[in-house]
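# predicted model, plus sequence, below.
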Amino acid sequence: TIYTNLKMLTVDFTEAHLQKIVQSQDDVLFKDTLHEIEVEVLNRIQRNKANHERTTIKSLIDNFYARPYGWYQTAVLCIIAKLYKRNKISLKQDGNNLDDRAVLDALQKNNQYANTIIELEEEIQNTQIQKLKNFYQEYFNEPNLGNEPKEISRLFKQRLEKEVKDLSEMYILRSRFKFLESLGEPLRRLKLVAEKEHPYFFNALDQYQDDLLDDKENVLEAVKKFMNGAQRSIFENVLLYLESNNANFDYIGNESLEKLSTVAESPAPYKGTLMQEAKAALELIQKEVAAQQKLERETAAGAIHQSIHKLKSFADFTKLDAQQQDEIKAPFERVIKEIEQERFIGNIRTKANNATTDLYQKQLELMMRWANPPKPDEPGSSEPAKPKIIFVRKDSVKINFSKPALETRQDVEDYLAALKEQYVRIIDEDKRISL
């Protein structure tokens, strides 16, 4: 017969065999001695490499279909799969190693045979395996549970990619947490390693392990602990308080405030006792602001109540009915309620000032109109209509006084004379002055 090596096939390989071989996760199945058909295929791959010839799935199928083999396609595919699972070969497309799923896909689809490259798997020494496992444990604080080099590489790459993803999600927050800028270089170095493939992780361990371990010790470990722990909450409270209460800080002391600003701008707030100090400073500032808010609300309410009292002290107030009196007081009472809810001290003062000046003037004039309505013209009466009562606020009266300050008794006398002159002028114009 022309197919003298056909008898080497002792198993009737099927598509089900192929799928079972690739998907098997039991390493024990692939630890026995190579079968002669596997040795035959492996030898062909080795000869191709020695002759600088590229090996593909298609070239192996064609080679072993011809004389003296006569092996059918599924048998060759199953042998390739077994060599792959034994870590004797690797399959690549576009320069990238294929994992189990991609290998099965490549072996099952004819259109991928020509462009799926088969290469001899580099032998990894036990000492290399142990070194990588030790590094894995030290860097990730967990063991790599793989047994075979490819599996160890796969788990290592998978864990690296997860670490890159987790750190990238943190790094995105650097506009909010400025200290996260320190993740930039460690993340770049980690990405470079995570993008590699087996057997780089074993062969280049000495090139990357020191840098990655230094990054972990100097930056990553502390940052991750900070971002995943209680200190992050303290830091966020500091940032939020600084942002939302900035308008109140002009009314309190600066010492504790400077501490919070230092924390917010720190390139490494996770170091030392900075966050404990920040927490204490934040509590102190919150108490200071709350005390000042309480004082300002009380002062504002007192001033507004004084304005109400002044209005009620006018004889004209008694001329109003109960509803009118309530309408005169109501705007002031609304402002007092607004001030009770207002947290910005500047706004409290502004509302109080407006209530005791503009609102007071407005309600005073309204009270006078209601208390002194114009009498209707009587037929044949020669008495002129009663003029509208106009009030001038005392702080709007312009005093003709040349000096910028009162320095002598005579200055006081001259100032009072000028003030009296203006007040008398206003009264002579049939206007009133609100005090």
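Alright, I've got the coordinates. Predicted model only: the values in this text are computed from it and were never measured.

# list the buried residues for the helix or strand residue 131 falls within?
Under the criterion of DSSP states H and E, residue 131 resides in helix 126-140. Buried residues in helix 126-140, defined by neighbour count with 16 or more other Cβ atoms under 10 Å: 128, 129, 132, 133, 135, 136, 139. The C-beta positions use only the backbone N, C-alpha and C, and glycine is treated the same way.

# the fifth one against residue 208, yeah?
No. In terms of Cβ atoms under 8 Å, residue 135 does not count as a neighbour of residue 208; the distance is 9.1 Å.

# ok, then the element right after the top helix by length along the chain?
Secondary structure of the chain read by DSSP state H shows that its longest helix is helix 274-312. Next helix or strand after helix 274-312 toward the C-terminus (DSSP H and E): helix 322-341.

# neighbouring contacts of that following helix?
Helix 322-341 has contacts (Cβ atoms under 8 Å, 6 or more residues apart in numbering) with 297, 300-301, 304-305, 307-308, 311, 317, 320, 348, 351-352, 354-355, 359, 363, 366-367, 370.

# for the stretch 51-200 of the chain, which segments count as strands?
Assigned by DSSP state E, counting those that start in this stretch, the strands in the stretch 51-200 of the chain fall at 89-93, 96-97, 117-120.

# can you tell me which of those strands the model trusts least?
Of all the strands of the stretch 51-200 of the chain, the minimum mean pLDDT falls on strand 96-97 (a mean of 86).

# starting at the chain centroid, how far to that strand?
Taking Cα atoms, centre = their mean, to the nearest Å, one finds the center of strand 96-97 at 35 Å from the center of the full chain.

# where does pLDDT dip in the chain?
Within the chain, the segments meeting pLDDT under 70 span 1, 26-31, 375-387.

# spatially central residue in it, please.
When Cα atoms, centre = their mean is applied to the chain, the residue found nearest the centroid is residue 173 (3.8 Å).

# quick one on the thing from earlier: tabulate the buried residues of helix 126-140 in JSON lines, adding columns for distance to residue 146.
Listed next are the buried residues of helix 126-140 as JSON lines, based on distance: Cβ to Cβ, whole Å:
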{"residue": "128", "distance to residue 146": "13"}
{"residue": "129", "distance to residue 146": "9"}
{"residue": "132", "distance to residue 146": "10"}
{"residue": "133", "distance to residue 146": "8"}
{"residue": "135", "distance to residue 146": "13"}
{"residue": "136", "distance to residue 146": "9"}
{"residue": "139", "distance to residue 146": "15"}
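
# contact partners for residue 211?
Residues in contact with residue 211 (Cβ under 8 Å, 6+ apart) are residue 189.

# please report the distance of it from residue 231.
Residue 211 is 27 Å from residue 231, where distance means Cβ to Cβ, to the nearest Å.

# please name the nearest non-neighbouring residue to residue 253.
Nearest-residue entry for residue 253: residue 288, 6.6 Å, with adjacent residues in sequence omitted and distances by Cβ to Cβ, 6 or more residues apart in numbering.

# what do you get for residue 359?
Leaving aside its chain neighbours, residue 359 sits nearest to residue 331 (5.7 Å; criterion: Cβ to Cβ, 6+ apart).

# what about that neighbour, how many neighbours?
Counted with other Cβ atoms under 10 Å, the neighbours of residue 331 add up to 17.

# do residue 47 as well
By the criterion of other Cβ under 10 Å, residue 47 has 11 neighbours.

# for the helix or strand it falls within, name the packing helices and strands.
Using DSSP H and E, residue 47 maps to helix 36-50. For helix 36-50, the contact count by 3 or more Cβ pairs under 8 Å, 6 or more residues apart in numbering; DSSP states H and E identifies helix 57-65, helix 73-85, strand 117-120 as packing neighbours.

# so can I have CSV of those showing mean neighbour count?
Below are the helices and strands packed on helix 36-50 laid out as CSV (neighbours: other Cβ atoms under 10 Å):
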stretch, mean neighbour count
helix 57-65, 18
helix 73-85, 23
strand 117-120, 18
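
# would you tell me which of these gets closest to residue 45?
Of all the helices and strands packed on helix 36-50, strand 117-120 sits nearest to residue 45, with 6.0 Å by Cβ to Cβ.

# how far does the closest one sit from the chain's center?
On the basis of Cα atoms, centre = their mean, strand 117-120 sits 45 Å off its chain's mean C-alpha point.

# give the other helices and strands that that strand contacts.
Here strand 117-120 touches helix 36-50, strand 89-93, going by 3+ Cβ pairs under 8 Å, 6+ apart.
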